[in-house]
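1. Kindly generate the corresponding structure for this input.
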Amino acid sequence: MNKEFSFAIKRMCFDEGYQPSGSTRTTTNFANLARGKNRQENLRNTLRMIDNRFNALAHWDNPKGDRYAVELEIISVEMNLDVESSGDALPLIEILKTTILDRQTNERIEGVAGNNFSSYVRDYDFSVLLLKHNKDQAGFSTPEGFGDLHGKLFKCFVNSSAYTDNFNKPPVICLSVSSSKTYYRTEYQHPVLGVEYLQDEYSLTDEYFAKMGLKVRYFMPPNSVAPLAFYCAGDVLGDYTDLELISTISTMDTFQKIYRPEIYNANSAAGKSYQPSLQHQDYSLTRIVYDRDERGRLAVEQGAFVEEHFIKPYHAVLEQWSAHYAL
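-> Residues are numbered from 1 along each chain as shown. Below is the predicted model:
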């Protein structure tokens, strides 16, 4: 099978006026924030938190702490399977793109693509396939080839002209650390990323992202209370400027305080040995409304949708493509 899948990119501003499009995944975290009677206040407070966090980290030559603002774009990626019976392109993933506005120079500085990561196939893998595989088993295991297709689809996109024509550098995806693992603080400290943490073994998410060609490192940025997981194809320390890294930290540290306050808005910081827990009680809430129960329920529903409309009807095409796909 010689032909490759093709990709199309759609951009939408994530600002106070953001309203999710009909094709946006309903489990997408930023779509969750933009629903209900508090939607505009939610969005305004979230964006203010991001800007404040950015200025606190980019403190040099910034005496009033108001020099920078972060602009966010939701990048929706659609895939065309290019088969005879195919009609519309299929929604594949959504990421965020940051742009930094320097109010002092009126310069708009390229940020980082990636940050938040939402994927239809990942929903299917974790919310349908993995649950079915472990339903009647005594212990936990993963199906053979778990994450292989998703990893190849992601690599195909990142290496496509659709990506390289729109973004200057490979993506950096920033997620929560795993509550099933213990992290150990090292002596290494980066001026922007903060203190590095290590762990004895990778989580299932770490292994899943490794199949996407992304290596993980864990850092607790200055004035954060828990480490974040940074997934990157290259060198997260050497390939990105301080401002680029700060745009990712400020965005994702803010989102995690909203999504997982038990970990990222805890009232005490992670120590030398740290195991995150969503049962932790000593934390503060932001003033931003987020329905985590709804998100968990919708992940299962959308995983089933993907199985019905993508995995099953295109199984033969996907299997043939995956077997022959190579970078």
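
2. mind listing the strands for the protein?
-> Along the chain, counting by DSSP state E, strands occupy 6-14, 68-80, 90-102, 107-119, 172-176, 183-190, 194-199, 215-220, 228-232, 273-274.

3. want to try CSV for those, with mean pLDDT and mean neighbour count as columns?
-> C-beta coordinates here come from the backbone N, C-alpha and C atoms, glycine included. Shown next, in CSV, are the strands of the chain (pLDDT from 0 to 100; neighbours: other CB atoms under 10 Å):
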stretch, mean pLDDT, mean neighbour count
strand 6-14, 92, 16
strand 68-80, 94, 20
strand 90-102, 93, 21
strand 107-119, 95, 20
strand 172-176, 96, 23
strand 183-190, 97, 15
strand 194-199, 97, 19
strand 215-220, 97, 21
strand 228-232, 97, 23
strand 273-274, 96, 16
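
4. Could you report the pLDDT at Val289?
-> Looking at Val289, its pLDDT reads 69.

5. same thing with Leu327?
-> Confidence score, pLDDT, at Leu327: 57.

6. Next: Asp123.
-> 89.

7. Serialize the strands of the chain to a markdown table and add fields for distance to Ser284.
-> Formatted as a markdown table, the strands of the chain follow (distance: least, CB to CB, whole Å):
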| stretch | distance to Ser284 |
| --- | --- |
| strand 6-14 | 24 |
| strand 68-80 | 23 |
| strand 90-102 | 25 |
| strand 107-119 | 22 |
| strand 172-176 | 17 |
| strand 183-190 | 22 |
| strand 194-199 | 20 |
| strand 215-220 | 18 |
| strand 228-232 | 18 |
| strand 273-274 | 18 |
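
8. Out of these, which is closest to Glu307?
-> Nearest to Glu307 among these is strand 90-102; the distance by CB to CB comes to 13.0 Å.

9. Tell me which strands that closest one pairs with, and in which orientation.
-> strand 68-80 (antiparallel), strand 107-119 (antiparallel) (DSSP bridges).

10. Now tabulate those strands in TSV and tack on distance to Gln40.
-> Conversion of those to TSV gives the following (distance: least, CB to CB, whole Å):
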stretch	distance to Gln40
strand 68-80	16
strand 107-119	20
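
11. Out of the ones you listed, which is closest to Asn62?
-> The nearest among the strands paired with strand 90-102, by CB to CB, is strand 68-80 at 7.3 Å.

12. Where does pLDDT dip in the protein?
-> Applying pLDDT under 70 to the chain flags the ranges 1-4, 21-36, 82-88, 289-296, 327.

13. quick one, helices of it?
-> 29-33, 39-57, 120-124, 130-134, 148-158, 161-164, 204-210, 242-259, 261-264, 292-306, 315-324 (DSSP state H).
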